[in-house]
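> kindly return the folded structure for what I paste below:
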Amino acid sequence: MKSSWKKLAVFFILPLFFNGCALFVLGAGAAGGYAISRDEIEGFSDKSADAVWSSALEVLTGQGAILLQDKQTGHLEAKVGGSEVKIEIFQVTPKSVRMRVQARKGYNLFPDMKLAQRIYTLLVNELKG
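Okay, here's the model as predicted:
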């Protein structure tokens, strides 16, 4: 019985105290699963940072206008429709690259999670080849 209460607290009650700061881990696949927070999607890939960079650049170029590309820091920004999309690529380990996708509508006030999910999915599919 105590075990059930602990699970209930961890999965339902505890996240209320973090007011959206907790990440929800979902799925698995080529990107090694992904996590969703209030305004971004984060996932990992076993592809090289160069491969992830090239794929992200191709996806964003096909979706909108590139505003910023800085391969040294791993930052890409693009205007897609009425939203600004940011992708961050970071080599975590020699065999793991972190990808973060964030999309915001209007004047960077409101998260556009549908667009962030779409861009992330396109990126993962591009990495699969």
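
> can we go C-alpha only for contacts and neighbour counts from here?
OK.

> which residues sit in contact with the residue nearest to the spatial centre of the chain?
Taking C-alpha atoms, centre = their mean, the centroid of the chain lies closest to I41, which sits 2.7 Å from it. Each residue near I41 by C-alpha atoms under 8 Å, 6 or more residues apart in numbering is listed here: 34-35, 100-102, 116-117, 120.

> which of the residues you listed lies closest to G81?
Using C-alpha to C-alpha, A116 comes nearest to G81 of these, at 12.4 Å.

> burial of the closest one, as a residue count?
Counted with other C-alpha atoms under 10 Å, the neighbours of A116 add up to 25.

> and for the closest residue in space to it that isn't next to it in sequence, the neighbour number?
Closest residue to A116 apart from its sequence neighbours, by C-alpha to C-alpha, 6 or more residues apart in numbering: A103 at 5.2 Å. Using other C-alpha under 10 Å, A103 has 26 other residues around it.

> wait, A103 sits on E84?
Yes: with contacts defined as C-alpha atoms under 8 Å, A103 counts as touching E84 at a distance of 5.6 Å.

> in what helix or strand does A51 lie?
For A51, the host element (DSSP states H and E) is helix 49-63.

> show me how far that helix is from its chain's centre.
From the chain centre to the centre of helix 49-63 is a distance of 14 Å (C-alpha atoms, centre = their mean, to the nearest Å).

> kindly report the same for stretch 57-76.
For stretch 57-76, the distance to the chain centre is 14 Å (C-alpha atoms, centre = their mean).

> enumerate every residue touching P111.
Counting by C-alpha under 8 Å, 6+ apart, P111 makes contact with 38-39, 102-105.

> give me the nearest residue to D70, chain neighbours excluded.
Once flanking residues are discounted, D70 sits nearest to L76: 6.4 Å by C-alpha to C-alpha, 6+ apart.

> next, count neighbours for that neighbour.
The number of residues packed near L76 is 21, by other C-alpha under 10 Å.

> ok, now which ones touch it?
Residues in contact with L76, defined by C-alpha under 8 Å, 6+ apart, are 57, 66-70, 86-88.

> so which of those residues sit within helices?
L57 (DSSP state H).

> buried subset of the contacts of L76?
Neighbour-count burial (16 or more other C-alpha atoms under 10 Å) is assigned, among these, to 57, 66, 69, 86-88.
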